[in-house]
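Q: sequence first, predicted coordinates after that:
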Amino acid sequence: VASWMLHLTPPHNLEAEEELRERLMAILDLLYKVLWLYPAYILSFIVNDKWYHDIAKFAVTLHQQERLTSSVSSNQSGPAESLYSVVLVTVFFVQAVFTSFLPLIGKPLYYLNLSLLYGYYCFDYKWVLAGWSLEQRINFFEINWSYFMGFGGPFTLLSMCFPKLIGAGLMAVMFPLCVLVALRTDVNQVVSSTLPLGRLPVFRFAASQATTLIQLLLGT
């Protein structure tokens, strides 16, 4: 396609043609990602989220955690809260991606944000099955952010050692294992033995943007 478009342009020197070819290839690559690759990734993310929830629910039942299983049927999040939770996590991920483009501090910030996000996401299934509201989950996470960042850190580092799409695939494979580990972890006992560092409003910006986005989508 790039070669065909080059023939439609007036003749240039080799250097100009090569520069134009690179620009056309960059545009085609962007269109391929925007129109096909990223939509497929988002769709797989939604499907995986349903599978991860089923895995977490089955694990809770398998290990006969009575306090959790008794709340599975009666304390599930409503559709509005579930929608807000998905949008919140998505906005936070986009926020992390944008920080990665900052000079010098971009990559470290990207790593820290993803570590926090993965740490939260691994435990979110446990908290949902335990009947916690979204506000309770965010409050507990932001108070004990250092523990969850440490929990998600190794997983994040491993996924960042590969190209983005390969790293995303690796994350999809390993994430259920992390969810199972989170389900078997007594968080209250662990965080009580860690040094308190104070609350970090991790989701403040993402929450405000998620609220605005949902209002725009619903026309309210």
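A: Received, thanks. Numbering: from 1, shown residues only.
Q: listing request: residues of the chain with sub-threshold pLDDT.
A: Scanning the chain for pLDDT under 70 picks out 1-17, 41-42, 45-46, 48-50, 52-53, 55-79, 192-196, 219-220.
Q: centroid-nearest residue for it?
A: Phe93 (5.0 Å; C-alpha atoms, centre = their mean).
Q: so that one versus Val187, what's the distance?
A: Remark: distance between Phe93 and Val187 (C-beta to C-beta, to the nearest Å) = 23 Å. No exception for glycine: its C-beta is placed from N, CA and C like everyone else's.
Q: and Val109, what does it touch?
A: Slight slip there: residue 109 is Leu, not Val. 96, 99-100, 102 (C-beta atoms under 8 Å, 6 or more residues apart in numbering).
Q: got those residues as JSON lines, with neighbour count and distance to Arg137 columns?
A: Compiled in JSON lines, the contacts of Leu109 are given as follows (neighbours: other C-beta atoms under 10 Å; distance: C-beta to C-beta, whole Å):
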{"residue": "Ala96", "neighbour count": "19", "distance to Arg137": "19"}
{"residue": "Thr99", "neighbour count": "18", "distance to Arg137": "23"}
{"residue": "Ser100", "neighbour count": "15", "distance to Arg137": "26"}
{"residue": "Leu102", "neighbour count": "12", "distance to Arg137": "28"}
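Q: ok, which stretches of this protein are helices?
A: Per DSSP state H, the chain carries helices over the ranges 2-7, 14-32, 38-62, 66-72, 79-99, 106-129, 134-143, 145-160, 164-183, 187-192, 204-218.
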